[in-house]
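Novice: What follows is a predicted protein model with its sequence.
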Amino acid sequence: MKRLLLGLSLAAATLATPIAAIADTPQHLVDSATLSIESMMGGTEGTQAQEFLRRAKAVVICPNIFRAGFIIGGEGGGCVMTSRGADGSWSNPAFYTLGSGSFGFQAGIQNAQIMMMVMTSGGLNALLNSQFKFGADAGLTVATLGAGVNGSMSTALDADIVSFSKSQGLYGGVSLQGSILSNNSADEQSYYGSALDARQIVVDMQGSNQGATPLRETLQKYGG
């Protein structure tokens, strides 16, 4: 029995490894987010997402959200947030992690790209907190846009946050319910060389790093 439990624990740890391994350099995360935008903006679904992005106050891009499962499942990955300034340009990014956990007999490992268009000031203020749990704030509406989501367009029109996802080359509705978005101050310190919080970076436009220029230009291209 002890051997069986040990074997299951090792298997779970092996499958969970990609979640721990996705923590890369801040610049790599920014570059991955830039490529993710390009990847997600194609096709009919991408055109719909662009309509929301053009009206969004801010956007959160999570280029590699891994979901692993074997008895104990979980998902997680790094994200960047940038907001639109008064002149229409996009800010340098703040850094976040998105994660959640679940129990049950799950199999396989899946990765997804997720983009969250923040449509209202209330939505932006909520996400700027050091930690935000989706579904915990009854006054905040989060809509999911993507293939197979019935009525997603009509629901999204009045939402505070509109999420959009692409997994293994296919668009689909990935629920954020129960997921936790947490600010990564260590990455921000490393990237900007000073102790700036997320609000100072994306709202006050205080952070500056030339490495984020391609990300900002890509957002301007699709959501200018």
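Specialist: Arrived safely, thanks for sending. Numbers count the residues shown, from 1 in each chain.

Novice: Just confirm C62 is within a strand.
Specialist: Yes: with DSSP: H, G, I helix; E, B strand; the rest coil as the criterion, C62 is located in a strand.

Novice: Check whether it really touches G76, as I assumed.
Specialist: No: between C62 and G76 there is no contact under CB atoms under 8 Å: 9.4 Å. Where C-beta positions appear, they are placed from N, C-alpha and C, glycine not excepted.

Novice: okay, these two: which has more neighbours?
Specialist: Legend: neighbour count by other CB atoms under 10 Å for C62 and G76, higher for C62 (29 against 24).

Novice: where do the contact lists of C62 and G76 overlap?
Specialist: L98 (CB atoms under 8 Å, 6 or more residues apart in numbering).

Novice: so where is this protein shaky, pLDDT-wise?
Specialist: 1-23, 67-74, 101-110, 138, 146-155, 168-174 (pLDDT under 70).

Novice: how about the strands in it?
Specialist: Here the chain has its strands, by DSSP state E, at 58-70, 72-83, 94-103, 109-118, 131-133, 142-145, 161-167, 170-172, 180-183.

Novice: looking at these, which is buried most?
Specialist: Stretch with highest mean neighbour count among the strands of the chain: strand 161-167 (a mean of 26; mean count of other CB atoms under 10 Å).

Novice: Return the list of strands paired to that strand, each annotated with direction.
Specialist: Strands that pair with strand 161-167, judged by DSSP bridges, come out as strand 109-118 (antiparallel), strand 142-145 (parallel), strand 170-172 (antiparallel).

Novice: contacting residues around stretch 213-224?
Specialist: With CB under 8 Å, 6+ apart as the test, stretch 213-224 has contacts from 30-31, 33-34, 37-38, 41, 50, 53-54, 56, 59, 80, 82, 84, 88-93.

Novice: With just CA atoms, put that stretch into CSV.
Specialist: The C-alpha trace of stretch 213-224 is given here as CSV (Å, rounded to 0.1, in the frame of the first residue of the first chain):
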residue,chain,number,x,y,z
THR,A,213,8.0,47.7,-27.2
PRO,A,214,6.9,44.8,-29.5
LEU,A,215,4.1,43.8,-27.1
ARG,A,216,2.8,47.4,-27.0
GLU,A,217,3.1,47.7,-30.8
THR,A,218,1.2,44.5,-31.3
LEU,A,219,-1.6,45.6,-29.0
GLN,A,220,-1.7,48.9,-30.9
LYS,A,221,-1.9,46.9,-34.2
TYR,A,222,-5.0,44.9,-33.1
GLY,A,223,-6.6,47.1,-30.5
GLY,A,224,-5.4,50.6,-31.4
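
Novice: can you pull the contacts of N183?
Specialist: Contacts for N183 (CB under 8 Å, 6+ apart) come out as A94, F95, Y96, N129, S130, Q131, D197, A198.
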